[in-house]
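Trainee: next come a sequence and a model predicted from it.
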Amino acid sequence: MAAAKIDGKAIAEGLQSRIGAAVSELWRKHGIQPGLAVIQVGEDPASEVYVRSKVRSTIEVGMASFQHKLPATTSEVDLLSLIAKLNADPAVHGILVQLPLPSHLKASSVIRAISPEKDVDGFHVSNVGLLSTGQKAIVPCTPLGCLILLRETLESLVGLEAVVVGHSNIVGKPMAQLLLAENCTVTVAHKETRYLPEVCRRADVLVTAVGRPALIQGDWIKPGATVIDVGINRITSGGKRRLVGDVDFEGASKVARAITPVPGGVGPMTIACLLANTVSACCDNVGLARPDGVSF
Ligand code: NAP
């Protein structure tokens, strides 16, 4: 039987509409409007697209959007001074610095300057430490989106063998922490992993975040596995440009129980989780409980 397609678009729309309701209620009951500031340095074309869609979604759910577009030549001093201003601004509950930054700016120093309470990307070392010690943290958006998709697909994750391919700070590592927190048995694979096909074949839950089209073949998948494909790769086939993931979707669909498509799987969840994190950060900031159905 063909694997079920995990409809990230529909699940993200559901989450986004709960966020919209939570934002309205915050305004109605408390006169508070969550605000998200997005800083973009330079004109990386992919960043332009991501920032535009983050700003649009922020406004759609009724939150305040503060966009700061800086020239590629911006100095670290100027960038840090803007972040300090936003850290102190009570109308701003979330701050996101769009990556990658121009090469003269060090992402780790810039992220460390963001107040951890406003770090809605969940990249600050404080949030990384809180997540890895099982405490309330702001969780990076893409892995959080993957976890929500898994919870929607599987009754329980407890005791499952989970394999995460890719160990970046923004996807693979936090994904592994989230799966550990769900009591999965977690293996993290990367470029130097020996016998990657065998490692993948152990997985009841396979999450791939690599950035290589069709790296993961159908016969690497355990029958009945759930596959979450984070990869976004632009390829040209039959003269047309299109997006594919890290997994050979056709091959994997014949073996897996459920799989995310690319596009339409993890991608839409990332922005919805960014909005959810901003609502959570806002509630934490004013001492209100994080709303049900929006915080995780
Ligand atoms: P990254 O920082 O480049 O990390 C890629 C990881 O894959 C690294 O850990 C790397 O290992 C590993 N890797 C590379 N080649 C490999 C191979 N042949 N076998 C096994 N592992 C290999 O990328 P990222 O930021 O995590 O993103 C990964 C993918 O997810 C990209 O396609 C990106 O576009 C996509 N993405 C999607 C979303 C979304 O919203 N859907 C969000 C973020 C990222 P080494 O470190 O050992 O080289």
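Mentor: Arrived safely, thanks for sending.
Trainee: so Gln40, which state does it fall into?
Mentor: strand (DSSP: H, G, I helix; E, B strand; the rest coil).
Trainee: in contact with it, which residues?
Mentor: Ser47, Glu48, Val51, Gln67, His68, Lys69, Leu70, Gln98 (C-beta atoms under 8 Å, 6 or more residues apart in numbering). C-beta: built from backbone N, CA, C; applies to glycine.
Trainee: beta-bridge partners for it, please?
Mentor: Lys69 (DSSP bridges).
Trainee: related to what we said a few turns ago, as JSON lines, the contacts of Gln40 with pLDDT and neighbour count would be great.
Mentor: Shown next, in JSON lines, are the contacts of Gln40 (pLDDT from 0 to 100; neighbours: other C-beta atoms under 10 Å):
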{"residue": "Ser47", "pLDDT": "95", "neighbour count": "16"}
{"residue": "Glu48", "pLDDT": "95", "neighbour count": "14"}
{"residue": "Val51", "pLDDT": "96", "neighbour count": "18"}
{"residue": "Gln67", "pLDDT": "97", "neighbour count": "14"}
{"residue": "His68", "pLDDT": "98", "neighbour count": "18"}
{"residue": "Lys69", "pLDDT": "97", "neighbour count": "13"}
{"residue": "Leu70", "pLDDT": "98", "neighbour count": "15"}
{"residue": "Gln98", "pLDDT": "98", "neighbour count": "20"}
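Trainee: the residue lying closest to Ser57 once chain neighbours are set aside: which element?
Mentor: Distances taken as C-beta to C-beta, 6 or more residues apart in numbering place Ile271 nearest to Ser57, at 5.0 Å, with adjacent residues excluded. Assigned by DSSP states H and E, Ile271 belongs to helix 266-286.
Trainee: pull out the buried positions in that helix.
Mentor: For helix 266-286, the neighbour count (16 or more other C-beta atoms under 10 Å) marks 266-285 as buried.
Trainee: return the residues of this structure in contact with the ligand.
Mentor: Residues of the chain that fall close to the ligand, judged by C-beta under 6 Å from any ligand atom: 142, 165-168, 170-172, 189-193, 196, 209-212, 215, 230-233, 266-267, 270.
Trainee: go again using 5 Å as the cut-off
Mentor: Counting by C-beta under 5 Å from any ligand atom, the chain comes close to the ligand at 142, 166-168, 171, 190-191, 209-211, 230-232, 266-267, 270.
Trainee: just the buried ones from these, in PyMOL syntax?
Mentor: The PyMOL command for the buried members of these (criterion: 16+ other C-beta under 10 Å) is given here:
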select buried, resi 142+166+167+168+171+209+210+230+231+232+266+267+270
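Trainee: take the residues of the chain next to the ligand and keep only those in helices.
Mentor: Within the residues of the chain next to the ligand, membership in helices is found for Thr142, Val266, Gly267, Thr270, as judged by DSSP state H.
Trainee: ok, back up a step: as CSV, could you dump the C-alpha coordinates of the helix holding Ile271?
Mentor: C-alpha atoms of helix 266-286 as CSV (Å, rounded to 0.1, in the frame of the first residue of the first chain):
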residue,chain,number,x,y,z
VAL,A,266,7.7,20.5,6.6
GLY,A,267,8.1,23.9,4.9
PRO,A,268,4.7,25.4,5.8
MET,A,269,5.1,24.2,9.4
THR,A,270,8.3,26.3,9.9
ILE,A,271,6.5,29.7,9.6
ALA,A,272,3.5,28.5,11.6
CYS,A,273,5.8,27.5,14.4
LEU,A,274,7.6,30.9,14.2
LEU,A,275,4.2,32.6,14.8
ALA,A,276,3.4,30.1,17.6
ASN,A,277,6.8,30.8,19.3
THR,A,278,6.1,34.6,19.1
VAL,A,279,2.7,34.1,20.9
SER,A,280,4.4,32.0,23.5
ALA,A,281,7.2,34.5,24.0
CYS,A,282,4.6,37.3,24.4
CYS,A,283,2.6,35.3,27.0
ASP,A,284,5.8,34.5,28.9
ASN,A,285,6.8,38.1,28.8
VAL,A,286,3.5,39.4,30.3
